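[1] predicted model and sequence follow; I will ask about them next.
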Amino acid sequence: MAVVIESSVWEPSPALYIFIFFACLFSILFFPYASGSSNSTSAAKAAPSLFDHGVSPTASSFRFQRNFLLLYSLASVMEGLWSVFGEVELAYYGLSKEKMVLYLCVGLAASISIGSFLGVLSDLIGPKKVCFFFCFLHLLVGLLKRIVPHSSLWVASICLSITSSVFSFGFETWMVVQHEEQGHRQDMLSETFWLMSFFESACLIGSQVFSNWLIGNNAERSMASHSTAAIFLALISLVCLTKGWKEIPHKVALKEYRASFRAYIVGDKRVWLLAWAQACLHFSVAVFWILWAPTIVADGREVHLGLIYPCFLGSRMLGSTVFPWLISGLSSLRTDDCLVYAFIVLGLVMSITAYDYQEVGMLVTLFCIFHAGLGVVLPSLARLRTMYVPNALRGGMISLSHAPANAAILLFLVQGKYHNNIGNSTIIAFAALGLFTAAGCMHVLKRWGKQPYQNWHKL
C-alpha cells in the first residue's frame, strides 16, 4: 500500500498586499494636509532650519526632481533585472551550489578591490562620468550575454558587482551635486532621498514581474530576452545622461582632494561613526538577501518565494513614506534619534531570526518589519551625510565605508557557505550585533554633534 505524503504550501495572505498598498497610499496622500496644518500652527514658533530657505519650490526644482527620479528608476530596474534573473541563469546552466558561491565571492572581491575606490574617482572626475560608466557596464553585460551567454558568466559577475557598488553611491552623489549647482531648495533634498528609496523598491518589484514575464516557459528564449531588455534599458539611460543635465566641468587635484579628505573625513570622529553605521547596515542587508530564502524554507514546507519578495519591498516602500512624517515637525524626534530606534528594531529582528525560528508566518512578519525599518534608515542616513559630509567628498566616503562590510561578507561566505564552518544563525547574529553597534554610534553622534546642521554647500 502506497503512502501519500501531503505537502503543505505556504503563501502570504492577499490581505497583506492590500494593507501595504493602502498604508502607503494613506501615508502619501494625507501627509501634505498633516504637515500643512502643523506648519500653519507653529510657523511663528519654529526656529529657522537648514532646509527652510523661505522660498517656494519652483517649476525647475520639480522638473529636476522628476527627471532624476526617472533616471534613477531606470537604473533600479536594470539592477533588479539582473538580481532576479541571475539565480535562474546559474540554475539553467546546471551550476552547483559551490560554484554559485564562488561566482558571488569573485564579485565581492571585485567590489572590494575596484568598487571601494570608484567613489573617490567619482569625487575627482565628477559623479556623472561614474553614472555613465554604470550604464555602460550594464550595456556591456547585456551584449556579452547575447553573444557568448555561458562564457560571459565570470565577466558578468565582476561587472555587475561593480555596478552595484556604483549604484550605492553614484546617483545619490550626482543628484546632490547637481542640486547644489542648479541652486534648488535644500529642503527638497530630504524629499528626494525618501522618494529614491520608494521608487527603487517599486522598480525592484516591477523588475521581478518583468523578469517572470520574460522567463515564461521557454528558458532558452528568456536568456536572450533578458539580455535584450537590459541593452534597451542601458541605451535609454545613456541617452538620458547624455541629453539631460549639463555638468559643470569637474576636476580636482589629487593632492587637494587628499588634504580635504584627511581634514573633513578622517579627522572628524562624527563621520567615522556615520561610516560605521553605514557599513553595519550594508553588511546586514547583504546577509539578509543571501540567507532569507534558506531561513524561510528551513521548516520543510513548500514556500512560493516569488510571492513573499514583493511583501518585503512593499514594506520598505511603506517605511520610506514614514520618513517625511518624522522630519517634518510633526514629530519631536531628530534624525539621529530616529536612527537609534530604527537600528535597535532592526537588530532585534535579526536577533530573533538568529534563534532559528522556523515558523514561516513569523519569519515573514519579522522580515517585513526589517524592510520597513530600512525604508526609514536609508533616507535618514542620506540626510545625515548631507549634514556632516562635504558634497565634494561624498562618493569617496560612501564607497570606502562599504569596503569593510564587503570584506566581512566575503569572509563569511567563504567560511560559512563554501567551507561550511559557520552556521547561518551565527552569521545573522553577527549582523544583529553590528546593527546594535550602529545604534550606539548614532547615540554618540547625537551627543557629539554640537553643530548638527552644518551646511557644507559652500565648500
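    Noted; the coordinates are in hand.
[2] against Ser197, how distant is Ile296?
    24 Å (CB to CB, to the nearest Å). C-beta coordinates here come from the backbone N, C-alpha and C atoms, glycine included.
[3] output stretch 122-141 in CSV with nothing but the alpha carbons.
    Output in CSV follows, covering the C-alpha atoms of stretch 122-141 (Å, rounded to 0.1, in the frame of the first residue of the first chain):
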residue,chain,number,x,y,z
SER,A,122,33.7,60.0,-8.7
ASP,A,123,34.7,62.9,-6.5
LEU,A,124,37.8,63.5,-8.6
ILE,A,125,36.4,63.4,-12.1
GLY,A,126,32.7,64.0,-11.4
PRO,A,127,29.8,61.7,-10.5
LYS,A,128,28.1,62.0,-13.9
LYS,A,129,31.0,60.1,-15.5
VAL,A,130,30.7,57.3,-13.0
CYS,A,131,27.0,57.0,-13.6
PHE,A,132,27.8,56.9,-17.3
PHE,A,133,30.2,54.0,-16.5
PHE,A,134,27.4,52.3,-14.6
CYS,A,135,25.1,52.3,-17.7
PHE,A,136,28.0,51.3,-20.0
LEU,A,137,28.8,48.2,-17.8
HIS,A,138,25.1,47.1,-18.0
LEU,A,139,25.2,47.6,-21.7
LEU,A,140,28.4,45.5,-21.9
VAL,A,141,27.0,42.7,-19.8
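[4] report the buried residues of that stretch.
    Judged by neighbour count using 16 or more other CB atoms under 10 Å, the buried positions of stretch 122-141 are 122-124, 126-141.
[5] helix or strand next in line after whatever helix or strand Leu374 lives in, which one?
    Applying DSSP states H and E as the criterion places Leu374 in helix 360-388. Following helix 360-388 in sequence order, the next helix or strand is helix 394-412 (DSSP H and E).
[6] quick one: the helix or strand that that following helix is followed by to helix 394-412, angle?
    Following helix 394-412 in sequence order, the next helix or strand is helix 424-448 (DSSP H and E). Using axes from the mean of the first three to the mean of the last three CA atoms, to 10 degrees, the direction of helix 424-448 lies 150 degrees away from that of helix 394-412.
[7] show me what helix 424-448 is in contact with.
    Here helix 424-448 makes contact (CB atoms under 8 Å, 6 or more residues apart in numbering) with 269-270, 273-274, 276-277, 279-281, 283-284, 287-288, 291, 294-295, 334, 336-337, 339-341, 343-344, 346-348, 350-351, 353-356, 384, 408, 412, 416, 452.
[8] if we go to 6 Å?
    Under the criterion CB atoms under 6 Å, 6 or more residues apart in numbering, residues 270, 273, 276-277, 280, 283-284, 287, 291, 336, 339-340, 343-344, 346-347, 350-351, 353-354, 356, 412, 416 lie in contact with helix 424-448.
[9] buried among those? Make that a PyMOL selection.
    In PyMOL, a selection of the buried entries from these looks like this (16+ other CB under 10 Å):
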select buried, resi 270+273+276+277+280+283+284+287+291+336+339+340+343+344+346+347+350+351+353+354+412+416
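[10] after the helix or strand hosting Val177, heading C-terminal, what element do we hit next?
    Assigned by DSSP H and E, Val177 belongs to helix 153-181. From helix 153-181 onward toward the C-terminus, using DSSP H and E, the following helix or strand is helix 187-215.
[11] now that following helix: buried residues?
    187-208, 210-211, 214-215.
[12] any weak-confidence spans in the stretch 351-459 of the chain?
    Scanning the stretch 351-459 of the chain for pLDDT under 70 picks out 356-358, 417-418, 449-459.
[13] need the contact list for Val166.
    Listed by CB under 6 Å, 6+ apart, the contact set of Val166 reads 118, 130, 134.
[14] I'd like to know how far the second one sits from Asp123.
    If I follow you right, that is Val130. Val130 is 9 Å from Asp123, by CB to CB.
[15] how about the last one?
    Computed with CB to CB, the distance linking Phe134 and Asp123 is 16 Å.
[16] report the central residue of the chain.
    Nearest residue to the geometric centre of the chain (CA atoms, centre = their mean): Ser168, 6.3 Å.
[17] on that earlier part again, please flag which of the buried residues of stretch 122-141 sit within helices.
    Using DSSP state H, the members of the buried residues of stretch 122-141 that fall in helices are 122-124, 127-141.
[18] ok, longest helix in this structure?
    helix 59-92.
[19] and that one, what's buried?
    Using 16+ other CB under 10 Å as the test for burial, helix 59-92 gives 61, 64-65, 68-69, 71-86, 88-90, 92.
[20] hmm, who's touching the next helix-or-strand element following that helix?
    Reading on from helix 59-92 to the C-terminus, the next helix or strand found by DSSP H and E is helix 97-110. With CB under 6 Å, 6+ apart as the test, helix 97-110 has contacts from 90, 157-158, 161-162, 406, 409-410, 413, 417-418.
[21] mind listing residues that contact the strand or helix carrying Lys255?
    For Lys255, the host element (DSSP H and E) is helix 254-261. Residues outside helix 254-261 that contact it (CB under 6 Å, 6+ apart): 124, 393.
[22] list the helices and strands the helix or strand hosting Ile296 packs on?
    Secondary structure from DSSP H and E places Ile296 in helix 269-296. With contacts defined as 3 or more CB pairs under 6 Å, 6 or more residues apart in numbering; DSSP states H and E, the packing partners of helix 269-296 are helix 360-388, helix 394-412, helix 424-448.
[23] include distance to Ser237 when you put these into JSON lines, please.
    Converted to JSON lines, the helices and strands packed on helix 269-296 look like this (distance: least, CB to CB, whole Å):
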{"stretch": "helix 360-388", "distance to Ser237": "21"}
{"stretch": "helix 394-412", "distance to Ser237": "19"}
{"stretch": "helix 424-448", "distance to Ser237": "32"}
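[24] what pLDDT does Ser56 get?
    The model reports Ser56 with a pLDDT of 49.
[25] next up, the contacts around Ser227.
    Here Ser227 is in contact with 142, 145-146 (CB under 6 Å, 6+ apart).
[26] which regions of the chain sit below the pLDDT cut-off?
    1-7, 32-57, 151, 216-222, 244-251, 299, 329-332, 356-358, 417-418, 449-459.
[27] repeat the analysis, applying 50 as the threshold.
    1-5, 40-56, 450-454, 457-459 (pLDDT under 50).
[28] so how far is Val77 from Gly206?
    Relative to Val77, and taking CB to CB, Gly206 is found at 6 Å.
[29] now whichever strand or helix holds Val239: buried residues?
    According to DSSP H and E, Val239 maps onto helix 219-243. Residues of helix 219-243 classed as buried under the neighbour-count rule (16+ other CB under 10 Å) are 222-223, 225-227, 229-231, 233-234, 237-238, 240-241.
[30] just the angle for it relative to helix 153-181, thanks.
    Here the directions of helix 219-243 and helix 153-181 differ by 30 degrees (the same axes, to 10 degrees).
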